[in-house]
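S.K.: I would like to see how this sequence folds:
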Amino acid sequence: MDCLKLNDVMNRGEDSFNQFKVNFYSIDKLTVEICAFANSDGGNIYIGIADSGELGGLGKDDVSRLNQWISSACSSKIEPPIFVKTEILICAGRRVLIIHVPKGRNKPYAVNTTEFWVKSGADKRRATREELVGLMQSSGFIFADEVETGAGIEDFDVGYFKRFYEQYYTEKVEDIDVSFEKLLENLRLVKNGQLTLAGLLLFGRSPERVRPHFVIKATYYKGNDIYSNEYKDSETIDGRLIEQFESGVSFIRRNLHGLQKNRNVNAPPILEIPREAFMEAVANAIIHRDYFINAPIFINIFKNRLEIISPGILPNTVNEENMVYGVHIERNPAILSFLERDKKFRYSGRGSGVPRMVRLCRENDVKLDLVNNRDKQIFKVVFHRIPDED
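M.R.: Numbering: from 1, shown residues only. Below is the predicted model of the structure:
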């Protein structure tokens, strides 16, 4: 960074990625600031600048003390340790110490082993329980689909599982040289004598009785917002995940228009939104949703758009830009390992789906938005449609 860029940062003011501090007189307060950035998306701490953006500067002794504190904070007071970069600028004869904090790859980071901090806009705050679970999930310490549900083996549809297993593993369950329960444990469908979330949602008899939130709420509204009490079609879609996928796709299919698009009048109409595109969006919502959040998936059809909303933001290093190029992280690996084998689900797990969805929309002149809403903790796929006439 140079003084010109620093001046631009000061003029823009503080935000989620840039924090100004006149000085630090407590190593604990310095540690908290570094930890909050590491547990969020990373950022820069500018020491020697007032909150107002006024350049105050630091003395040589301040810089020496702060460098020692930074080293101690990152190696001893933050767990696990984190590596940051520092630089010193002298602008208008005044020193500024800049700490560049990367987005942490081993979240969650704790201050003094017990305090977990995250950024909240330009400020910071202690992480909530849900955020702490999300941080652990993003680093692969825990997976929601491997958590016990309280459901017993009596809630498991053995016949359905055997048919699936024999079809996709090309061997009979009875021919395997391990007990049936051990097989289910090895496949992460059973843990400590209980069905895991994957076992329940994939092969449970009635998953909605145990986990009523994990369904799809599908509504076709008459207008362009959800506040209208009038709708054309509505359905609560429950059952196993593959059944939810098929019913969700069917709900969208029956409520979209068929268009000729300059084709022969006798040619069969084609859907206004490519079927493969919205199928991919529904599959992604089921596979990649955050199952630590007790909320349904929403399929909302309006006059001017189709929205598919899944609970939870994109995990860790994935964002709206790089997912378009196929970057993805497996948030629910046990669920994915089964659904990617199901030909009806048609999900490869190779990161090719979103690029294909983008391409299909571009080729069919359908505007597509991918929205990672951190405030509401949702990810939304929006297909814009031509409004109907009524």
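S.K.: State the mean pLDDT of stretch 247-263.
M.R.: Averaging pLDDT along stretch 247-263 yields 85.
S.K.: Just the buried positions in the helix or strand encompassing N67, please.
M.R.: In the assignment (DSSP states H and E), N67 maps to helix 60-72. Residues of helix 60-72 classed as buried by neighbour count (16 or more other C-beta atoms under 10 Å): D62, V63, R65, L66, W69, I70. Quick note: C-beta positions are derived from backbone N, CA and C, even for glycine.
S.K.: what ranges do the strands span in the stretch 201-350 of the chain?
M.R.: Remark: strands assigned in the stretch 201-350 of the chain by DSSP state E, counting those that start in this stretch are 216-221, 231-237, 258-259, 270-271, 297-301, 305-311.
S.K.: My guess is R305 contacts F383. True?
M.R.: Yes. With contact defined as C-beta atoms under 8 Å, R305 counts as touching F383 (6.4 Å).
S.K.: Quick one: low-confidence residue ranges for the stretch 251-390 of the chain.
M.R.: Scanning the stretch 251-390 of the chain for pLDDT under 70 picks out 260-268, 315-329, 346-352, 387-390.
S.K.: Doesn't V382 belong to a strand?
M.R.: Yes. The assignment for V382 (DSSP: H, G, I helix; E, B strand; the rest coil) places it in a strand.
S.K.: which SS state does the closest residue to it other than its chain neighbours fall under?
M.R.: Spatial nearest neighbour of V382, excluding adjacent residues (C-beta to C-beta, 6 or more residues apart in numbering): D369 at 4.1 Å. Recorded secondary structure, D369: strand (three-state DSSP).
S.K.: how close does E54 sit to L183?
M.R.: From E54 across to L183, the span is 67 Å (C-beta to C-beta, to the nearest Å).
S.K.: How about S16?
M.R.: In terms of C-beta to C-beta, S16 sits 47 Å off from L183.
S.K.: which one of E54 and L183 has more residues nearby?
M.R.: L183 (16 against 10; other C-beta atoms under 10 Å).
S.K.: For the more buried one, give me its contacts.
M.R.: Counting by C-beta atoms under 8 Å, 6 or more residues apart in numbering, L183 touches V173, I176.
S.K.: circling back to that earlier point, just give me how far the helix holding N67 sits from the chain centre.
M.R.: Per C-alpha atoms, centre = their mean, to the nearest Å, the displacement of helix 60-72 from the mean C-alpha position of its chain is 37 Å.
S.K.: Equivalent analysis for stretch 277-297, please.
M.R.: Distance, centroid of stretch 277-297 to centroid of chain: 10 Å (C-alpha atoms, centre = their mean).
S.K.: For the stretch 1-150 of the chain, which segments count as helices?
M.R.: Assigned by DSSP state H, counting those that start in this stretch, the helices in the stretch 1-150 of the chain fall at 3-12, 27-39, 60-72, 129-138.
S.K.: Tabulate those (CSV), appending distance to N332.
M.R.: As requested, these are exported to CSV (distance: least, C-beta to C-beta, whole Å):
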stretch, distance to N332
helix 3-12, 39
helix 27-39, 22
helix 60-72, 38
helix 129-138, 10
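S.K.: which one of those has the most crowded surroundings?
M.R.: Mean neighbour count (mean count of other C-beta atoms under 10 Å) peaks for helix 27-39 among the helices of the stretch 1-150 of the chain, with a mean of 23.
S.K.: which residue sits farthest out from the middle of this structure?
M.R.: G93 (44.9 Å; C-alpha atoms, centre = their mean).
S.K.: Where does pLDDT dip in the stretch 51-200 of the chain?
M.R.: In the stretch 51-200 of the chain (pLDDT under 70), the answer is 138-140.
S.K.: hmm, try it at 80
M.R.: 129-131, 133-142 (pLDDT under 80).
S.K.: how about the residue nearest to N106 when sequence neighbours are not counted, phi and psi?
M.R.: Nearest residue to N106, sequence neighbours excluded (C-beta to C-beta, 6+ apart): P80, at 5.0 Å. Per-residue torsions, P80: phi -70, psi 160 (degrees, to the nearest 10).
S.K.: Next one: P80 from G312, what distance?
M.R.: 24 Å.
S.K.: cool, Y25 as well?
M.R.: Counting by C-beta to C-beta, the gap from Y25 to G312 is 39 Å.
S.K.: Would you mind telling me which of these two has the busier surroundings?
M.R.: Neighbour totals were compared for Y25 and G312, and G312 leads with 21 against 9 (other C-beta under 10 Å).
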